[in-house]
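Make a model of this:
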Amino acid sequence: MHPVFHPPLNPSKELTTAFFVRITYLLVALTITQAVVPVRAAVNMISAEHRVWGNAGTTTYDVTSAEPLSRNVSGFQSGSGYYGYQSGYASSSASDWSVSSYRSGDANFAYSRSQNTYIFKPLSRELSISLGASIGVWWFENQANMSLTDMVTNTLISSYFSPSYTHINPFPQGTNDMRDFSFTYNDTVVVNLEHEYKLTIYTAARRGEGGDGSASLYLAPLPEPTATLLTCMTILLMCGRRRRSF
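I've put the predicted structure just below:
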């Protein structure tokens, strides 16, 4: 015997119900997406440039790329220094939304720097910036900086510059310890949707005496529209699977 097909009693009603269920899931997904990835922070990224440069004595590196990169170098020089020679090591890393620099060795012999530069147009009137960074010995010799510039008006609209000789008082974190410290920075700025903006993060590691020096900085990524859409689609698929499992 062949199975008998029984059409739905009210196909129009069932289709309408299924449609509204899917719309409900979509609205829930959009609400959750806005809570996880703020749409007001979305940008259209135009370019991203990564650069690392530094030296250990006369041995140097200086590389720029659209992709994340890192470099390191060791150097040795005889005929100078306390022991009749100088040596050192420098390394730099420019990853997605983070940069770090490190040096070790004799005084002023090694120096490393890293920098990321992002050019973008905002998709909403407000833009949120959030970062964290750390500075090694000494805090006035190593740097971790961020700047956001309106490229049309050439106006600096948000920035953080870690302590240096020009900021020697007060000491960071309210102490007199000049060895190490970390910090966070958060800011929300109003932007022009017709303008292009340049966001730069930078670290530098140096040491005026023998020893280590370091700096690192991480910036919370500025989401692009595709990321927001993919998050929404993922949540929608999860809701659909959960419904079929009931």
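
Quickly find the element holding residue 163.
Element membership for residue 163 (DSSP states H and E) is empty, with no helix or strand holding it.

low pLDDT regions in the protein?
When residues are selected by pLDDT under 70, those of the chain lie in 1-41, 79, 81-82, 164-180, 224-246.

Apply 80 and report the result again.
1-41, 79-84, 137-140, 163-181, 222-246 (pLDDT under 80).

where along it do the helices fall?
Secondary structure of the chain, counting by DSSP state H: helices at 11-36, 225-244.

what about residue 201, neighbour count?
Neighbour count of residue 201, defined by other CB atoms under 10 Å: 23. (C-beta placed from N, C-alpha, C; glycine too.)

Any figure for the gap between it and residue 116?
Distance, residue 201 to residue 116, by CB to CB, to the nearest Å: 5 Å.

shared neighbours of these two, anything?
Contact with both residue 201 and residue 116 is made by residues 97, 98, 99, according to CB atoms under 8 Å, 6 or more residues apart in numbering.

Pretty sure the first one sits against residue 218.
Yes: counting by CB atoms under 8 Å, residue 97 touches residue 218, with 6.7 Å between them.

Residue 136: what's it in contact with?
Going by CB under 8 Å, 6+ apart, residue 136 touches 102, 142, 180, 205, 212, 213, 214, 215.

Grab the nearest non-local neighbour of it.
Sequence neighbours aside, residue 214 is the residue nearest to residue 136 in space, at 3.6 Å (criterion: CB to CB, 6 or more residues apart in numbering).

so what's the one you found bridging to?
When assigned by DSSP bridges, residue 214 has beta-bridge partners residue 102.

quick revisit: identify those among the shared contacts of residue 201 and residue 116 that sit within strands.
Residues of those located in strands (DSSP state E): 98, 99.

Good, we can wrap up now.
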